[in-house]
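Engineer: mind looking at a prediction? Sequence and model below.
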Amino acid sequence: MAGEFYLIKSASATDVASLDITDCFNSTYNLYEVIYYAKRASGSSATNSSMRFLDSTGTAITSGYNVGYFRWDRYEGFEYSTTRTEINSSQLQATDRANAGRMSIANPYADDRYTTGYSHRYMYTDNIGGASRGRAYYGLNGLKDVQRITGLQVLGTGGNVDIDISVYGYGEG
Amino acid sequence: MAGELILVNSTTVTSDVSSVTLTGIDTTYDIYKVLITNARPNNTSGNSWRMRWIVGGSPEIGNNYFTQYASHNAVNNFQWSGLTTDPRYSGNTLMYIGDGSSDTGECYNANINLYKAYDNNSEARWDIEQTSTNSGGNLIANKGGGYRKAKQTCTGVQIFVDSYSIASGFFGLYGYNYS
């Protein structure tokens, strides 16, 4: 709808290895907002959750991600790479740990330009360097590859996760 | 209606223009938002995207614009810019809103919120989330904001590219209320 911040699609699942939210990007919108929440499932031994883009056939893309973000906790740091296999990767190292984030994504559906995104996400890290602590990230999460992106996948590593995800579009018309 | 994002004004550029001006800021909405998507300058090597307030019907070209931002990319870690150690964007005659070019695969996108723009008892503020590709061909994401150190009534913004024209893109001005 013209001029609106429009909910395109939502999806939820519990105790799953991954969840695909398909066909949430289209030619109507150029700028999107994604809000997601991934929690270690009950009884799971998952160690991380992360996200991937789905290509024009609905298949998860596993290479070519570019990331560069600032990291805040009791210390400060940064991470950057042009060879990541996923984006928004965050730790789930104990029972009830969860990762939450918001990500803006530009031009996923255009098939003649890169897909760039800016994300904020929060996690809790357990016993790394002897000190458990909360941690926030913000910065670049993108795919430096010219292809059409049609959806998103949220996945767990090492076990199952509970997932909630919503995708919104900015109506430009 | 409360909570809704309402389109106030927009322009879609399909051939070279020197700048885009979006007007329509008044007392109707608490916050105004500028969205820029799929924008490209008419050069492939890249350059700075810039913005000025519209005051009295014309772009405000006076000094005292201040811009601060954190720039992230996947190759050269990150940088802080616009702080007092970087005079380019402190006390300047324009607001810096990121880099972008028109080489293969590249374009510029921004989500900018404007605060107290119409209130001549306040110094208008803005913040930005912006993604694009810099002149080195690297994906970048910027987060920042700024203001002009002057209390004046701003009715819009002018957007342009340093030394080049705007070749394409969507430019929209929206309004929304706190409640």
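Structural biologist: On my side now, so go ahead. The structure displayed is predicted, hence computed values, not measured ones.
Engineer: any idea which helix or strand in chain A has the lowest mean pLDDT?
Structural biologist: Every helix and strand in chain A was compared by mean pLDDT, DSSP states H and E; the lowest is strand A:116-128, with a mean of 87.
Engineer: please save the CA atoms from whichever helix or strand comes after that one in PDB.
Structural biologist: With elements assigned by DSSP states H and E, the helix or strand that comes after strand A:116-128 is strand A:131-143. Output of strand A:131-143 as PDB, limited to C-alpha atoms (Å, rounded to 0.1, in the frame of the first residue of the first chain):
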ATOM      1  CA  ALA A 131      33.400 -13.900  31.700                       C
ATOM      2  CA  SER A 132      29.800 -14.400  30.600                       C
ATOM      3  CA  ARG A 133      28.200 -11.200  29.200                       C
ATOM      4  CA  GLY A 134      25.700  -9.700  26.900                       C
ATOM      5  CA  ARG A 135      26.800  -8.600  23.500                       C
ATOM      6  CA  ALA A 136      25.400  -6.300  20.800                       C
ATOM      7  CA  TYR A 137      26.400  -6.000  17.200                       C
ATOM      8  CA  TYR A 138      25.700  -3.500  14.600                       C
ATOM      9  CA  GLY A 139      26.900  -3.000  11.000                       C
ATOM     10  CA  LEU A 140      27.000  -4.500   7.600                       C
ATOM     11  CA  ASN A 141      25.500  -7.800   6.500                       C
ATOM     12  CA  GLY A 142      25.300  -8.200   2.800                       C
ATOM     13  CA  LEU A 143      25.800 -10.400  -0.300                       C
END
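Engineer: can you show me the strands along chain A?
Structural biologist: Listed in chain order, the strands of chain A (DSSP state E) span residues A:5-16, A:18-21, A:31-40, A:48-54, A:65-72, A:76-84, A:87-91, A:98-106, A:116-128, A:131-143, A:151-157, A:161-170.
Engineer: okay if I get these as a markdown table plus mean neighbour count?
Structural biologist: C-beta: built from backbone N, CA, C; applies to glycine. A markdown table is the format used below for the strands of chain A (neighbours: other Cβ atoms under 10 Å in any protein chain shown):
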| stretch | mean neighbour count |
| --- | --- |
| strand A:5-16 | 15 |
| strand A:18-21 | 20 |
| strand A:31-40 | 22 |
| strand A:48-54 | 25 |
| strand A:65-72 | 23 |
| strand A:76-84 | 14 |
| strand A:87-91 | 22 |
| strand A:98-106 | 22 |
| strand A:116-128 | 20 |
| strand A:131-143 | 21 |
| strand A:151-157 | 23 |
| strand A:161-170 | 22 |
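Engineer: reformat the ones you listed as CSV; add distance to residue B:149.
Structural biologist: What follows is these, written out as CSV (distance: least, Cβ to Cβ, whole Å):
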stretch, distance to residue B:149
strand A:5-16, 31
strand A:18-21, 45
strand A:31-40, 30
strand A:48-54, 41
strand A:65-72, 27
strand A:76-84, 29
strand A:87-91, 37
strand A:98-106, 29
strand A:116-128, 27
strand A:131-143, 27
strand A:151-157, 42
strand A:161-170, 31
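Engineer: could these be laid out in JSON lines, adding distance to chain B?
Structural biologist: Output for the strands of chain A, formatted as JSON lines (distance: least, Cβ to the nearest Cβ, whole Å):
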{"stretch": "strand A:5-16", "distance to chain B": "5"}
{"stretch": "strand A:18-21", "distance to chain B": "21"}
{"stretch": "strand A:31-40", "distance to chain B": "5"}
{"stretch": "strand A:48-54", "distance to chain B": "13"}
{"stretch": "strand A:65-72", "distance to chain B": "4"}
{"stretch": "strand A:76-84", "distance to chain B": "5"}
{"stretch": "strand A:87-91", "distance to chain B": "11"}
{"stretch": "strand A:98-106", "distance to chain B": "4"}
{"stretch": "strand A:116-128", "distance to chain B": "4"}
{"stretch": "strand A:131-143", "distance to chain B": "4"}
{"stretch": "strand A:151-157", "distance to chain B": "16"}
{"stretch": "strand A:161-170", "distance to chain B": "6"}
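Engineer: how about the residues of chain B by chain A?
Structural biologist: Within chain B, the positions adjacent to chain A are B:4-7, B:10, B:35, B:37-38, B:70, B:72-78, B:104-107, B:109, B:111, B:129-133, B:138-141, B:143, B:170, B:172, B:174 by Cβ under 8 Å from any Cβ of the partner chain.
Engineer: ok, and the closest non-adjacent residue to residue A:126?
Structural biologist: residue A:93 (4.1 Å; Cβ to Cβ, 6 or more residues apart in numbering or on different chains).
Engineer: who's in contact with that neighbour?
Structural biologist: A:47, A:124-127 (Cβ atoms under 8 Å, 6 or more residues apart in numbering or on different chains).
Engineer: quick one on the thing from earlier: mind checking which of the residues of chain B next to chain A are buried?
Structural biologist: Neighbour-count burial (16 or more other Cβ atoms under 10 Å in any protein chain shown) is assigned, among the residues of chain B next to chain A, to B:5-7, B:10, B:35, B:37-38, B:70, B:72-74, B:77-78, B:105-107, B:109, B:111, B:129-133, B:138-141, B:143, B:170, B:172, B:174.
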